[in-house]
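Asker: show me the folded form of this:
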Amino acid sequence: MNMQSELLRCPACGTVFRGPASLPAHGRVRCGVCDEVFAATPAPEAVASRRAFDGPRPAHASWDAAPAPGVGAGLLRLTLALLLLVALLAQGAWLARERLAEMPQLRPLLANVCQRGGCTLPQFRDVTAIEVLDARVTSHPDYAGALLAVVTLDNTAPLAQPWPRLAVALTGVDDGAVAERLFEAAEYLPAERQGESAFAAGTSVQVRLPLADPGLEAAGFRFTVR
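Answerer: Model (predicted):
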């Protein structure tokens, strides 16, 4: 019987010592101080101490000092939540990048992000910011059976954008299109503006287009940009 986990008290001199690794069959031990031989029974205080600590303990119990409960786990959860939020925002921004690129106030930020991330920022385009001004259609002064459409396009956007396509429609009395044509920038820009790759912000251009006269069917006209 292994008694190393037990404390023994000598009844003669009162010395308390740890029991031997193996106990003889007769169950008696000799005191190393006074040579008294006595029965190897645990000292009363050792029994009481063992009972006080013999309660059930969870498998993970430790005598090491435990960290403050919840602090590390709470910080980890907060960090993961923030990372997830950043990832969701980045994904949403990527999916809506073309729409965001149309917002002038976000262009500098997006351009910086794309420069660092190696992406390509879509070209700014907002045809609603291009106003059609001073539109009129008259008989052509130089050609019989022809009309001359004159209109001014004004880019009110804060940024340059691609030249729009210009649709010119001659309408009947019911406002339905009698004749219609869609012009590309190369077709309607005057010669002195042909070299401009984009419609600069805050600028305007006057367009003059000769049209075939559809006769009395035409009662009005309509200009739109696309």
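
Asker: contacting residues around the closest residue to Glu217 other than its chain neighbours?
Answerer: Among residues not flanking Glu217 along the chain, Val178 sits closest, at 4.6 Å (CB to CB, 6 or more residues apart in numbering). Bear in mind the C-beta positions are built from the backbone N, C-alpha and C, glycine included. Contacts for Val178 (CB atoms under 8 Å, 6 or more residues apart in numbering) come out as 169-172, 214, 217-218.

Asker: so which of those residues is the most crowded?
Answerer: Neighbour counts for the contacts of Val178 (other CB atoms under 10 Å) peak at Leu170, which has 22 neighbours.

Asker: how close does the nearest residue to that residue once chain neighbours are set aside sit to Asp175?
Answerer: Residue nearest to Leu170 in three dimensions, not counting chain neighbours: Ala218, with 4.1 Å by CB to CB, 6+ apart. For Ala218, the distance to Asp175 (CB to CB, to the nearest Å) stands at 12 Å.

Asker: kindly report the same for Gln206.
Answerer: Using CB to CB, Gln206 is found at 26 Å from Asp175.

Asker: just Asp35 next, same as before
Answerer: 128 Å.

Asker: likewise for Trp163?
Answerer: Separation of Trp163 from Asp175 (CB to CB) stands at 27 Å.

Asker: which one's more surrounded, these two?
Answerer: More crowded of Trp163 and Asp175, by other CB under 10 Å: Trp163, with 20 against 10.

Asker: which ones are touching that one?
Answerer: 185, 189, 196, 198-199.

Asker: give me that answer again for 6 Å
Answerer: 185, 199 (CB atoms under 6 Å, 6 or more residues apart in numbering).

Asker: where does it land in three-state SS?
Answerer: coil (DSSP: H, G, I helix; E, B strand; the rest coil).

Asker: same thing with Thr128?
Answerer: With three-state DSSP as the criterion, Thr128 reads helix.

Asker: count the neighbours of it for me.
Answerer: As a burial measure, Thr128 scores 9 neighbours (other CB under 10 Å).

Asker: distance check, it against Val225.
Answerer: Going from Thr128 to Val225 by CB to CB gives 9 Å.

Asker: follow-up on the earlier one: for Val151, see how far away the residue nearest to Leu170 is.
Answerer: Relative to Val151, Ala218 is positioned 16 Å away (CB to CB).

Asker: now swap in Phe221 and tell me
Answerer: Using CB to CB, we find Phe221 at a distance of 9 Å from Val151.
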